[in-house]
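*Asks:* Prediction below, plus the sequence it came from.
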Amino acid sequence: MVRHLFILLMVTVLAGCSTNSTFVYKPVSSVDGGATLPVKVAVLTFKDGTEDFTSRGSIFDPESLYYNLAKAGIGGQITALTPDLWAKAFADDISASGAFKSSRFVYSLSELADEEFYIEGTLKKVTISGSWAMPSEFALALRAMQRSDNQLVWEKEVSYSWKNTPALYEGCGAMSVQCMIDRHHADVNRVMMILFTDARTDLVRNLLPLSGGRVEPGKLSPAATSTPQSHETADDEIDKILRGK
């Protein structure tokens, strides 16, 4: 039976190595500025809709071992990916993308200022597998409301399932615990970015008509700012710009 390297990490950390396991989401800024809609959005703290467990299974049976990172971290490896962290990360991701005039995280509706839209989310799965053979899975349900009338203008659920291999830690060395932790964090960051990109692209597509089809000067190509021949053509153009194609 193949054991996940998490077990090796736990043993090494408990042996007394000093490490930094605090997870911080690191968005990537858009190279070309992306499609900037002249509206402001706020992201409210998300809700936890994951299963009620922190970990289940046994390290002696890795294929049964799962961690729910929404509720607790894994000691010495990664801190919890709480609803607040996810919401702040999504707000940061939107801001880095340049997709909107501004984006910020708020704890409640009372903190809204001049935002035209606000986004709510629910974590569905933030599950990390304890075995190479079994998949980890992240899933997130999102929706956007128009602040002027609190009407639903967009909703989408995004998810991603993946399996890691020992190759993730190649080059770290058996005793390079911080290197292994950093690789693990980078992989989690990668998956969150995949979910956020999927959601953000669809959000821009849906909010474009509500902004009157307007975009910030110079941010979109003439083809994207002109009247499209079909709805599909407009969507394709936005996707190409957001994905840097």
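*Replies:* Cool, got the structure. Numbers count the residues shown, from 1 in each chain.
*Asks:* now S18, what's its secondary structure?
*Replies:* Classification of S18 by DSSP: H, G, I helix; E, B strand; the rest coil places it in coil.
*Asks:* What about G173, how many residues nearby?
*Replies:* 10 (other C-beta atoms under 10 Å). C-beta coordinates here come from the backbone N, C-alpha and C atoms, glycine included.
*Asks:* Next up, the contacts around it.
*Replies:* Taking C-beta atoms under 8 Å, 6 or more residues apart in numbering, we find G173 in contact with C179.
*Asks:* element containing it?
*Replies:* If you go by DSSP states H and E, G173 is not part of any helix or strand.
*Asks:* What distance do you get for it to T19?
*Replies:* Look at G173 and T19: by C-beta to C-beta, to the nearest Å, they are 14 Å apart.
*Asks:* before we move on, what about S110?
*Replies:* For S110, the distance to T19 - C-beta to C-beta - is 39 Å.
*Asks:* These two: which has the busier surroundings?
*Replies:* Just comparing S110 and T19: by other C-beta under 10 Å the higher neighbour count belongs to T19, 16 against 6.
*Asks:* So the more buried one is in contact with I181, correct?
*Replies:* Yes - using C-beta atoms under 8 Å, T19 is in contact with I181, at 5.8 Å.
*Asks:* strands paired with the helix or strand hosting K40, and their directions?
*Replies:* Using DSSP H and E, the element containing K40 is strand 37-44. Strand 37-44 has the following sheet partners, assigned by DSSP bridges: strand 100-106 (parallel), strand 117-129 (parallel).
*Asks:* which SSE is the residue nearest the centre of the chain in?
*Replies:* Residue closest to the mean C-alpha point of the chain, counted by C-alpha atoms, centre = their mean, is M192 at 3.0 Å. Per DSSP H and E: M192 is located in helix 177-207.
*Asks:* packing partners for that helix?
*Replies:* helix 5-14, strand 37-44, helix 83-97, strand 136-146, strand 151-162, helix 231-242 (3 or more C-beta pairs under 8 Å, 6 or more residues apart in numbering; DSSP states H and E).
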